[in-house]
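Chemist: test case, fold it:
(chains A and B)
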Amino acid sequence: GDSVTQTEGLVTVTEGLPVKLNCTYQTTYLTIAFFWYVQYLNEAPQVLLKSSTDNKRTEHQGFHATLHKSSSSFHLQKSSAQLSDSALYYCALSDHNNRIFFGDGTQLVVKP
Amino acid sequence: GGIITQTPKFLIGQEGQKLTLKCQQNFNHDTMYWYRQDSGKGLRLIYYSITENDLQKGDLSEGYDASREKKSSFSLTVTSAQKNEMAVFLCASSYSNERLFFGHGTKLSVL
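Modeler: Next up is the predicted model:
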């Protein structure tokens, strides 16, 4: 079946430095779209980015991600991390059956 | 804009008890989902529903039942609560393959 892998459970970065959260996936069926969701403390998860197009960069709120089907990856990056970026980040994909699969999540901690 | 309302916010149950969680959405979305959130294990799909009266099993459906009697509501039943179980159950809805909108969750504790 489909699966999403986020290799880091915790990423710690100093404010102002770049950050990268890794996401790779496996699919056995047609995958429709890829997402990054962010969950702030005591809040519901909310979408950060969405992409369906191979090799196209998608940006929102200073974050960006590019879907690379050749390497089955959809890594999330930001050039300068802010304290307010501290949150739990989930990578996800949706298939043609409307199933949406999430990775285990990466906790991002931005330190002053 | 719309909203997803989950009730109750907190649910305390006894071992072996049947417990029901409710979810309402006013987005007029076709598809609704139930996920379980455990620390370090991500969001695991329990059930989802593409339309009224439709039910599809996710990877974690064993031990749960679901019901979609109306387009706007989707309920989840824990058929037999497990002792010391603690998790957050998240309801979500979307248009087909579009982004999910989540409720704030029901936190379950089993004594």
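
Chemist: residues in contact with the residue nearest to the spatial centre of chain B?
Modeler: In chain B, the residue lying closest to the centroid (C-alpha atoms, centre = their mean) is B:W34, at 3.2 Å. Neighbouring residues of B:W34 by C-beta atoms under 8 Å, 6 or more residues apart in numbering or on different chains: B:21, B:23, B:45-48, B:58, B:64, B:66, B:74, B:76, B:89-91. For glycine as for every other residue, the C-beta is placed from the backbone atoms N, C-alpha and C.

Chemist: which stretches in chain B count as helices?
Modeler: Assigned by DSSP state H, chain B shows no helices.

Chemist: what parts of it come near chain A?
Modeler: Applying C-beta under 8 Å from any C-beta of the partner chain, one finds that chain B approaches chain A through B:31, B:33, B:35, B:40-45, B:48, B:50, B:56, B:58-59, B:90, B:94, B:96-100, B:102-105.

Chemist: quick one, which of the residues you listed are buried?
Modeler: B:31, B:33, B:35, B:42-45, B:48, B:56, B:58, B:90, B:94, B:97-100, B:102-105 (16 or more other C-beta atoms under 10 Å in any protein chain shown).

Chemist: for B:G63, which non-adjacent residue is spatially closest?
Modeler: B:T79 (5.9 Å; C-beta to C-beta, 6 or more residues apart in numbering or on different chains).
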